[in-house]
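>>> Need the 3D shape of this:
(one chain, ligands or ions: 1)
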Amino acid sequence: MTRSNIAMIGLGVMGKSLALNLLDQGFNVTGFDISEAHRERAETEAKQLAQQVGKGGFVKATDLNQVLDSLVKPRVIALSVPAGNIVESVIDDLLEAGLEQDEIVIDTGNSLWTDTEDREQKYQGKLRFFSTAVSGGEVGARTGPALMASGDRQAWNYVQPMWEAIAAKVDSKGLPVGQFEQGEPCAAYLGPAGAGHYVKMVHNGIEYADMQLICEVYHFMSEVLDMPALEIGRVFDTWNQGVLNSYLMEISAEILQTSDPITSKPFVEVVLDKAGQKGTGLWTAVNSLQQGAPAPTIAQAVFARAQSSQKSTRVLGASRLKMHVQPSSGMNKEEALGELHEALYCAKLSVYAQGFDLMKTMSVKEEWDLDFAHIAKIWRAGCIIRAVFLQDITSAYQADPQLENLLFAQRFVEEVHNRSFGWRATVANSALTGVPMPAISSALSYFDSLRCEVLPANLLQAQRDYFGAHSYSRIDEEEVNKYHLTWSADERIQVSV
Ligand code: 6PG
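As a prediction, this is how the structure comes out:
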């Protein structure tokens, strides 16, 4: 009997799509899911594929013993199950069913990176635990996702050919190519266990912020410039032809030009304005706060989702907090649109700078030695934040792998210099008209704080010393020398602490 190269446990949307993608690339795959309906559905779709030349064979397993019996050795098993305890319970069941020490289990879910690190420890000596974070949603998984792998290096040697075959690919200019075309794969080994899931977590944090930025521009166009959804969609289409070209811009343009099949109104206008979240953006924001590596726009994007979900409070606020704002009537629409375009570009860059800075902090702390050019490269296609300017980010890190901050790369210094007026005008218009832009304005504050050689933290530190004797350093001495001023004494003197 022909044995399978890999098994997929969990045949939900992502697991099934990855399995079909593997079959497409000629690998033999075993599929298992506790749901019979999921098993049947995967088998039906696999059979349809099998009628074509060059596709892999599919084995539908009904229990874990069948999974193990169907595979070539060393056995490689990918899990596509919900993040959390279920990952461990499946691995424990696989060990009980006879999985051996040199065999490989890959977690492809959106697991918390610290859980991945713990699992690596827990299963050391029992199996090769490996992780691969997958981005791209259902379509990406089916036709070419971005794959962020980490963990046991030997496990990577086994899975690399499969992962590179199914990943999205780019041409020599960094542009995506078709599923069956040759190109550079968006799959990479990023470091020890945890690194891949960490990088994917930051990807999702950037995704949250990127989505929020686009939504704020839409809100302003709709509320202040009085543009119908269809027209906004067309403007987004135009923007998507230039520096703002990205998957999220593309789908936003399409969404805005779609009608509701029930009422024929613009679809976006019948969708309730309460945003959900599964938690990866929150994890990024929490990690940023814990590490003291500021990613304020990512945090703002999480807060914006939270505030959107407080719909009843906002309904009350809309009637209680009426106040005069600058009327929009005098605004020049073409000028405002130009400014919004610049604001979106600059704010997006600021978000990426925050995300990469956060990864740099953690890479040093965890000794991961992350390669930022490589990370930017594998985000150029397949993943949700894929965008044309990831090629520029790749080039920036290739030119200087130690770049202190992405915003310091010469190309981006010039871009922001040329576009910053529109960014500032947009934030000012948001404040004057009362249409909120929490992400765009926080991105500008991050940028301006980065430009401030002196921040008002001198006063803040003096306040801390005043009420809590928390001490201060002096600008005219070494920072290690700490002092306290005797604030409550009749004569204030400086004492060493
Ligand atoms: C991806 C997505 C994917 C998923 C998010 C959505 O890269 O393919 O990020 O991971 O769509 O988990 O997250 P929220 O439900 O929190 O928006």
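>>> can you tell if stretch 304-311 touches the ligand?
No - using CB under 6 Å from any ligand atom, stretch 304-311 stays clear of the ligand, coming no nearer than 8.0 Å. For glycine as for every other residue, the C-beta is placed from the backbone atoms N, C-alpha and C.
>>> Can you mark which positions in that stretch are buried?
Along stretch 304-311, these residues count as buried under the neighbour rule (16 or more other CB atoms under 10 Å): 304, 305, 308.
>>> Now name the helix or strand holding the second one.
Looking back up the chat, that one is residue 305. If you go by DSSP states H and E, residue 305 is part of helix 296-309.
>>> residues making contact with that helix?
205-206, 208-209, 211-213, 215, 273-277, 281-282, 284-285, 288-289, 314, 347, 350-351, 354-355, 438-439, 442-443, 445-446 (CB atoms under 8 Å, 6 or more residues apart in numbering).
>>> thinking again about what came up before, of the buried residues of stretch 304-311, closest to the ligand?
residue 305 (8.0 Å; CB to the nearest ligand atom).
>>> could you measure that closest one against residue 419, distance?
For residue 305, the distance to residue 419 equals 27 Å [CB to CB, to the nearest Å].
>>> And residue 101, by the same measure?
Per CB to CB, residue 101 is found 56 Å from residue 419.
>>> Counting neighbours, go ahead and name the busier of these two.
A count of neighbours by other CB atoms under 10 Å puts residue 419 above the other of residue 101 and residue 419, at 20 against 11.
>>> OK, contacts around residue 342?
Residue 342 touches 419, 420, 421, 422, 423, 426, counting by CB under 8 Å, 6+ apart.
>>> Please indicate which of these are buried?
Buried among the contacts of residue 342 (16+ other CB under 10 Å): 419, 420, 422, 423, 426.
>>> tell me which element the second one is part of?
In other words, residue 420. Secondary structure from DSSP H and E places residue 420 in helix 410-433.
>>> buried stuff in that helix?
Buried residues in helix 410-433, defined by neighbour count with 16+ other CB under 10 Å: 412, 415-416, 419-420, 422-427, 429-430, 433.
>>> And that helix, how far out from the chain middle?
24 Å (CA atoms, centre = their mean, to the nearest Å).
>>> Export the very next helix or strand once past it to PDB, keeping only CA atoms.
Going down the chain from helix 410-433, the next helix or strand is helix 438-451, by DSSP H and E. Provided in PDB are the C-alpha atoms of helix 438-451 (Å, rounded to 0.1, in the frame of the first residue of the first chain):
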ATOM      1  CA  PRO A 438      -7.600  56.400  17.400                       C
ATOM      2  CA  ALA A 439      -5.200  54.400  15.300                       C
ATOM      3  CA  ILE A 440      -4.100  57.000  12.800                       C
ATOM      4  CA  SER A 441      -3.600  59.600  15.600                       C
ATOM      5  CA  SER A 442      -1.700  57.200  17.900                       C
ATOM      6  CA  ALA A 443       0.500  56.200  15.000                       C
ATOM      7  CA  LEU A 444       1.400  59.900  14.500                       C
ATOM      8  CA  SER A 445       2.100  60.300  18.300                       C
ATOM      9  CA  TYR A 446       4.400  57.300  18.100                       C
ATOM     10  CA  PHE A 447       6.200  58.800  15.200                       C
ATOM     11  CA  ASP A 448       6.500  62.300  16.900                       C
ATOM     12  CA  SER A 449       7.600  60.700  20.200                       C
ATOM     13  CA  LEU A 450      10.300  58.900  18.200                       C
ATOM     14  CA  ARG A 451      11.500  62.300  16.900                       C
END
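>>> So for helix 438-451, mean pLDDT?
Mean pLDDT, helix 438-451: 98.
>>> List the contacts of it.
Helix 438-451 has contacts (CB under 8 Å, 6+ apart) with 209, 212-213, 216-217, 294, 296-297, 299-301, 303-304, 343-344, 346-348, 350-351, 353-354, 405, 407, 416, 423-424, 426-427, 430-431, 455.
>>> Would you mind writing the PyMOL command to select the buried ones in those?
To isolate the buried subset of the contacts of helix 438-451 in PyMOL, counting by 16+ other CB under 10 Å, use the following:
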select buried, resi 209+212+213+216+217+294+296+297+299+300+301+303+304+343+344+346+347+348+350+351+353+354+407+416+423+424+426+427+430
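>>> does residue 60 really touch residue 36, like I thought?
No - in this structure, residue 60 is not within contact of residue 36 by CB atoms under 8 Å, at 9.9 Å.
>>> now do the same end-to-end measure for stretch 99-111.
One end of stretch 99-111 to the other measures 22 Å (CA to CA, to the nearest Å).
>>> Only the buried residues of it, if you could.
Under 16+ other CB under 10 Å, the buried positions of stretch 99-111 are 99, 103, 104, 105, 106, 107, 108, 109, 110, 111.
>>> does it come close to the ligand?
Yes - residues of stretch 99-111 are located near the ligand by CB under 6 Å from any ligand atom, namely residue 110.
>>> any idea of the mean pLDDT for that stretch?
For stretch 99-111, the per-residue pLDDT averages 96.
>>> Going forward, the N-terminal residue is numbered 56.
Shifting the count to begin at 56 puts that one at stretch 154-166.
>>> Tell me how far it lies from the chain's centre.
For stretch 154-166 - counting by CA atoms, centre = their mean - the centre lies 23 Å from the chain centre.
>>> Stretch 66-78 now?
21 Å.
>>> can you dump the C-alpha coordinates of that stretch into CSV?
C-alpha atoms of stretch 66-78 as CSV (Å, rounded to 0.1, in the frame of the first residue of the first chain):
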residue,chain,number,x,y,z
LEU,A,66,-10.3,18.8,9.0
GLY,A,67,-12.1,22.0,9.7
VAL,A,68,-11.8,25.0,7.3
MET,A,69,-8.0,25.4,7.7
GLY,A,70,-7.0,21.7,8.1
LYS,A,71,-9.0,20.6,5.1
SER,A,72,-7.6,23.4,3.0
LEU,A,73,-4.0,22.6,3.9
ALA,A,74,-4.7,18.9,3.2
LEU,A,75,-6.1,19.7,-0.2
ASN,A,76,-3.2,22.0,-0.9
LEU,A,77,-0.7,19.2,0.0
LEU,A,78,-2.6,16.8,-2.4
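>>> Which element, helix or strand, includes residue 317?
Applying DSSP H and E, one finds residue 317 in no helix or strand.
>>> Can you get me a residue count around it?
Counted with other CB under 10 Å, the neighbours of residue 317 add up to 8.
>>> what does the one 5 residues further on give?
With neighbours defined by other CB under 10 Å, the count for residue 322 comes to 18.
>>> contacting residues around it?
Listed by CB under 8 Å, 6+ apart, the contact set of residue 322 reads 284, 310, 313, 314, 315.
>>> Could you measure from the first one over to the ligand?
If I follow you right, that is residue 284. In this view, residue 284 and the ligand are 22 Å apart by CB to the nearest ligand atom, to the nearest Å.
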